[in-house]
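**Q** this one's structure only:
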């Protein structure tokens, strides 16, 4: 079956517009496996690619539920990305990574709709909507400001997070500036991300 | 915060990930819970008096194997239910295999026995004890699996709960088989199965609220 379309696979991961779900899986799997082995650049690429795909999926699904505010989709996307990140260890390397990501996105979407008082009964359970979702790389602002999630964190951690967020600053540099080891810095950022996930699942219901 | 900033943070704190942890943790947790449950049975009820001579007989082995079979199948499904996108519900009918085997054995036994003995074969001496003890002892593994489920990403809380309940009841059945003095197949097929159904329903009922993430 594969030999029928050897030249249709797009070689460039930067153009996800052209990718079918099968092609996305073919590209994404090796990238994610490299990321799981510790390759940070591969992880970044994975998050960018899956984030783009998920944004299109979530916008489409929320529009179907009668909600076309882009900031709301961005909220659910951020929540989904956090969940992907904090659940990396639940990925089974023998299974499709797109199915894993889709199941998490769907869970977060249904949870979001349930908490905001919409029943999710008419959301398709199958992969169809995800398979057909057009990628969307145009990020919009989220309604919920995740920085608020970090208010309870130590000052040093917040400074560190601000440092890393700014493009071009590596963890090593930011850790150095904050007077921590790189490992300690990673643990601190991890705590910050956990706090954000908790914050989102608590406050995600609140209308804008 | 921009989504792009969030991705920067996630990349910055990224470290190698151990995808085998859940599987190993499930195995270790189940063995530990089984050991504790056996200890509880031995301390609170004690072993059956004739255990030294009876442990090699078919009914005792069958009870333990039955429980272990249900537990192993349920644990595999439980572990898979903590990984999004795997759809382990398709494999749920496999759990019926040990139940059907025991039911068939029970029917065969009843078929060969005179009708007058049926009641004795089914009810044995301590059916109430079995029905109460197995679900109670199953609470120990159930709590352990609940804590473990919170470390995973269950997208179907009811399925995870049912699998955890099945596995816990299976483990509790293994432990209780060291005490249980009733050795007939119809007893096993009736009361052990009923006890397993009770714990499975309990798991399916309470887990969804407790393992949201």
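**A** Happy to help now that I have it. Because the structure is a prediction, the values reported are computed rather than measured.
**Q** which bits of chain B sit near chain A?
**A** B:1-19, B:21-22, B:80, B:82-86, B:152-153, B:155, B:212-213 (CB under 8 Å from any CB of the partner chain). Backbone N, C-alpha and C define where each C-beta goes, glycine included.
**Q** what about the helices in chain B?
**A** Assignment of helices within chain B using DSSP state H yields the ranges B:3-12, B:21-44, B:51-54, B:58-81, B:96-112, B:115-123, B:127-149, B:157-176, B:185-187, B:193-210.
**Q** may I see the ChimeraX selection of the buried members of the residues of chain B next to chain A?
**A** Command for ChimeraX that selects the buried part of these, burial taken from 16 or more other CB atoms under 10 Å in any protein chain shown:
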select /B:1,3,5,6,7,8,9,10,11,12,13,14,17,19,22,80,82,83,84,85,86,152,153,155,213
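**Q** mind listing what the residue sitting nearest the centre point of chain B touches?
**A** The centre of chain B sits closest to residue B:167, judged by CA atoms, centre = their mean, with a distance of 1.9 Å. Shown in contact with residue B:167 (CB atoms under 8 Å, 6 or more residues apart in numbering or on different chains): B:30, B:70, B:71, B:74, B:75, B:78, B:141, B:145.
**Q** now swap in residue B:10 and tell me
**A** Residues in contact with residue B:10 (CB under 8 Å, 6+ apart) are A:43, A:47, A:81, A:82, A:85, A:193.
**Q** ok, which of those also contact chain B?
**A** On the criterion CB under 8 Å from any CB, A:43, A:47, A:81, A:82, A:85, A:193 are the entries of the contacts of residue B:10 that sit beside chain B.
**Q** burial count for the closest residue to residue B:165 other than its chain neighbours?
**A** Excluding the flanking residues, the one nearest residue B:165 by CB to CB, 6 or more residues apart in numbering or on different chains is residue B:203, at 2.6 Å. Using other CB atoms under 10 Å in any protein chain shown, the number of residues around residue B:203 comes to 30.
**Q** quick one: residue B:203 and chain A, what's the gap?
**A** 19 Å (CB to the nearest CB, to the nearest Å).
**Q** wouldn't that residue be in contact with residue B:162 here?
**A** Yes. Applying CB atoms under 8 Å, one finds residue B:203 in contact with residue B:162, separated by 5.5 Å.
**Q** tell me how far the residue nearest to the centre of chain B lies from chain A.
**A** The value you get for residue B:167 to chain A, if CB to the nearest CB is used, is 18 Å.
**Q** give me the distance between the nearest residue to that residue once chain neighbours are set aside and residue B:141.
**A** Take residue B:167 and drop its neighbours on the chain: the residue closest to it by CB to CB, 6+ apart is residue B:74, 3.8 Å away. Counting by CB to CB, to the nearest Å, the gap between residue B:74 and residue B:141 amounts to 10 Å.
**Q** for chain A, where's the lowest mean pLDDT among helices and strands?
**A** The helix or strand of chain A with the poorest confidence is helix A:128-132; it has a mean of 74 (mean pLDDT, DSSP states H and E).
**Q** find me the pLDDT at residue B:1, would you?
**A** Note for residue B:1: predicted pLDDT of 81.
**Q** ok, residue A:148 next?
**A** Looking at residue A:148, the pLDDT reads 77.
**Q** show me the contacts for it.
**A** Residue A:148 neighbours (CB under 8 Å, 6+ apart): residue A:199.
**Q** now it: phi and psi?
**A** Per-residue torsions, residue A:148: phi -60, psi -20 (degrees, to the nearest 10).
**Q** run through who's touching the lowest-mean-pLDDT helix or strand in chain B.
**A** Least confident helix or strand of chain B, by mean pLDDT, DSSP H and E, is helix B:51-54 with a mean of 82. Applying CB under 8 Å, 6+ apart, the external contacts of helix B:51-54 come out as B:48, B:60, B:178, B:183.
**Q** looking at those, which is nearest chain A?
**A** residue B:178 (35.2 Å; CB to the nearest CB).
**Q** now the nearest residue to that closest one once chain neighbours are set aside: how far from chain A?
**A** Nearest residue to residue B:178, sequence neighbours excluded (CB to CB, 6+ apart): residue B:47, at 5.1 Å. To chain A, residue B:47 is 40 Å away according to CB to the nearest CB.
**Q** quick check, residue B:47 in contact with residue B:177.
**A** No. The pair residue B:47 / residue B:177 is not scored as a contact, 10.2 Å apart, by CB under 8 Å.
**Q** burial measure for residue B:185, as a count.
**A** 23.
**Q** I should have written residue A:70 there, sorry.
**A** 21.
**Q** that one: what's it in contact with?
**A** Residue A:70 sits in contact with A:59, A:140, where contact means CB under 8 Å, 6+ apart.
**Q** quick one, the longest helix seen in chain A and helix B:3-12 angle?
**A** Looking across chain A with DSSP H, the single longest helix is helix A:40-64. Calculated by axes from the mean of the first three to the mean of the last three CA atoms, to 10 degrees, helix A:40-64 forms an angle of 140 degrees with helix B:3-12.
**Q** now do the buried residues in helix A:40-64.
**A** A:40, A:42-62.
**Q** report the mean confidence score over it.
**A** 93.
**Q** which stretches of chain A have low pLDDT?
**A** A:1-18, A:118-127, A:166-169, A:203-208 (pLDDT under 70).
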